[in-house]
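# got a sequence here, can you build the structure:
(2 chains)
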Amino acid sequence: MKTSAAVPFRPSARSHPAAGRTVVRAGPLAFVVRRRAAAAGLLLIVLTAAATLVSLGVGSTFIAPLDVVRALAGDGPSTVVVQDLRLPRIVLGLAVGAVLGLSGALLQAVSRNPLASPDVVGVSQGAGLAATLVMSAGLGSAWLGPFALLGGLAAAAAVFAVSGRHGLAAHRFVLGGVAVALALKALTEVFIVGADPIEGQRARIWLAGSLAGLGHRETLTLLVPVLLLAPVLVWAGRAMDTTALDDDVARGLGVRVVRRRLALAGVAVVLAALATSQAGAVDFVALAAPQLARRLVRAERPPLACAALTGALLTVVADLIARTAFAPVQLPVGVLTAALGGPYLLWLLVRRRNR
Amino acid sequence: MTTDAADRPPVRLATRGLTVGYGDRTVIDGLDLELPGGAFTVIVGPNACGKSTLLRTLARLLAPRSGTVLIDGAELHAQPTRELARRLGVLPQSPVTPEGLTVADLVARGRQPYQRWFRQWSGEDSAAVERALRLTGLGDLRDRPVDALSGGQRQRVWIALTLAQDTDALLLDEPTTFLDLAHQVEVLDLLRRLNRDGGRTVLAVLHDLNQACRYADHLVVMKDGRVTAQGPPDEVMDAACLAGVFGLGGVVVPCPVTGAPMIVPDAPA
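The predicted model follows:
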């Protein structure tokens, strides 16, 4: 090896040795930020805001973007339509999409598998079965959220029991998850067929993931626990850096690999179960958003914040189309996101083959 | 010249009644071993003799079934893994390279044991990473993706990651596997420099007996999970050891360049 006579020491103006990263300091705090992630984040915020404005304006009556802004400020004739009819549902869509994006990013980073997401490995299906049981038993809709949450968590517990001992080894985790998901889906179908037709229809719409008729109450129920988890998410964003490394290398760096995986996956599952319990099973967002964000940022693993923003953007756009494409019939947003899921998976497959 | 902090305390590793295995298979059974601090120690032995298992246990990548590993007299597996990571650097055998990471980005992760989620980078971290890149001659490759590098360069990146960790001891599991001879020598020379100039305690598992004899201060010879001999290479390696441990006929002669024992196997049949 050449000594540094041939490789002169370069005094570096960089605050972080890696290109494209910057250290942001505030008193005793110091955070490492990817410059490309910051730029992508800004772009996604602008796009999401624009999509939200358009979505607020489009519907049975069209409202121009400027009037939407005025209505949001409580001014003008469209205030009721914008603030009371459209905004609650759209805000919930943003929240659900963002939370699903976070969940998918965590699961994919932990398992190092782009196919791992809560709607593939059984969390959504567990919530779906529980929700179906509540509806077919004729319990009030107040029970729906809590039971769906428990159902999602229980399904995840089953998957962890199958694969957790091996530290969520990628293929075992995804295969175990798919098996649990299929079993739960079949069971759900049995209950729907046996249920009263009206309740069955309600269950089907819930299972497809629909934002119709939902609003601020659901958004709050979803976002309050997520905001409480915020410090955990900041920790997770960094902890994901070592789950991207070889397990033994991470152990050598003093990381308890299996424990960290389970903790991160646990956070992911709680997030997904919360989102599903409030809006039903919105497929594909948690699967695609992290990978789209990863490509945008050119990172080695899904970036957390950008995955959340991508999830919010996807969901808002999908909901806009679901609401308006077949108006006056409103599709559940989950139908649209699921329809996008197939081509996306094919694209992922083709890209992999080409590498 | 490469510079490196020279006054590192020697790290003494030892085992007491160490038993390790995988599943039903016991690989090492009741091993008592004392390794010198501050030395370049090399473990050799035939395939499946337990040398990697021993190194992985000393590096706390494996938990012992019974018995203990001691680091400077204290029980290794009872210590917080994060604090240990500031004393022991570990390079596992052919680690998986993550896609799309640059050299500097990967090396920077060696600073993990010194960081918290609210204090993710410090000037000390920068200094340690720059030093590691300099010592391994990777300055010019710092912005290249690791998965685009050659095997030898990649191995240097992994060593740089453990150097950024700024530890008193380095444990390496077959660091020269899959490298051509020039790169093997390059890596071993670097390890020797880190030991001599930097005062680091280095412990490596090596496959090549001649290289082991050439670089080691202290040679540990293993067979069937037991240590059959240890000491300076010229006291340990002879024709009897070659025949007894490796089942190989041949002569051991002094190397014409270094004087270290050199193995010349019998003429091919």
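# next, count neighbours for the residue in the stretch 51-200 of chain A that chain B sits nearest to.
In the stretch 51-200 of chain A, the residue that lies nearest chain B is residue A:112 (8.5 Å; Cβ to the nearest Cβ). In this view, the C-beta of every residue, glycine as well, is placed from N, C-alpha and C. By other Cβ atoms under 10 Å in any protein chain shown, 19 other residues sit near residue A:112.
# my guess is it contacts residue A:245. True?
No. The pair residue A:112 and residue A:245 fails to qualify as a contact (Cβ atoms under 8 Å) at a distance of 9.9 Å.
# tell me the centre residue of chain A?
Geometric centre of chain A, nearest residue: residue A:100, 1.6 Å, by Cα atoms, centre = their mean.
# check contacts around the nearest residue to residue A:304 once chain neighbours are set aside.
Ranked by Cβ to Cβ, 6 or more residues apart in numbering or on different chains and with sequence neighbours excluded, the top spatial neighbour of residue A:304 is residue A:237, at 4.4 Å. Residues counted as contacts of residue A:237 (Cβ atoms under 8 Å, 6 or more residues apart in numbering or on different chains) are A:304, A:305, B:117.
# mind checking what helix or strand follows the helix or strand containing residue A:237 in sequence?
Secondary-structure element containing residue A:237, defined by DSSP states H and E: helix A:230-243. Next in sequence after helix A:230-243, counting helices and strands by DSSP H and E, comes helix A:247-252.
# what subset of the contacts of residue A:237 is buried?
A:304, A:305 (16 or more other Cβ atoms under 10 Å in any protein chain shown).
# so of the contacts of residue A:237, which ones are in helices?
A:304, A:305 (DSSP state H).
# how about the helix holding residue A:237: buried residues?
Those would be A:232, A:233, A:234, A:235, A:236, A:237, A:238, A:239, A:240, A:241, A:242, A:243, for helix A:230-243 by 16+ other Cβ under 10 Å.
# again with stretch A:215-228
A:215, A:218, A:219, A:221, A:222, A:223, A:226.
# and what of stretch B:118-133?
For stretch B:118-133, by 16+ other Cβ under 10 Å, it's B:120, B:121, B:125, B:126, B:128, B:129, B:130, B:131, B:132, B:133.
# in the stretch 51-200 of chain A, which spans are helices?
A:65-72, A:79, A:87-111, A:123-136, A:144-163, A:170-194, A:197-208 (DSSP state H, counting those that start in this stretch).
# so where is the stretch 151-269 of chain B shaky, pLDDT-wise?
By pLDDT under 70, the stretch 151-269 of chain B has no low-scoring segment.
# taking it, what residue is nearest to chain A?
residue B:186 (4.8 Å).
# is it true that that residue touches residue B:151?
No. In this structure, residue B:186 is not within contact of residue B:151 by Cβ under 8 Å, at 11.3 Å.
# out of the two, which sits in the busier spot?
Set residue B:186 next to residue B:151 and count neighbours by other Cβ under 10 Å: residue B:186 wins out with 21 against 13.
# is the lowest-mean-pLDDT helix or strand in chain A up against chain B anywhere?
Sorted by mean pLDDT, DSSP states H and E, the helices and strands of chain A end with helix A:333-354, the least confident at a mean of 76. No. Helix A:333-354 is not in contact with chain B by Cβ under 8 Å from any Cβ of the partner chain; minimum separation 11.7 Å.
# if we check chain A, which of the buried residues of stretch B:118-133 are in contact?
B:120, B:121, B:126, B:129, B:130, B:133.
# thinking again about what came up before, between the contacts of residue A:237, which is nearest residue A:51?
Closest approach to residue A:51 among those (Cβ to Cβ): residue A:305, at 17.7 Å.
# quick one: the closest one and residue A:38 touch, right?
No. Counting by Cβ under 8 Å, residue A:305 does not reach residue A:38; the two are 9.1 Å apart.
# coming back round to it: closest to residue A:261 out of the ones next to chain A among the buried residues of stretch B:118-133?
residue B:120 (20.5 Å).
# ok, now which ones touch the closest one?
Contacts of residue B:120 (Cβ under 8 Å, 6+ apart): A:23, A:30, A:31, A:32, A:238.
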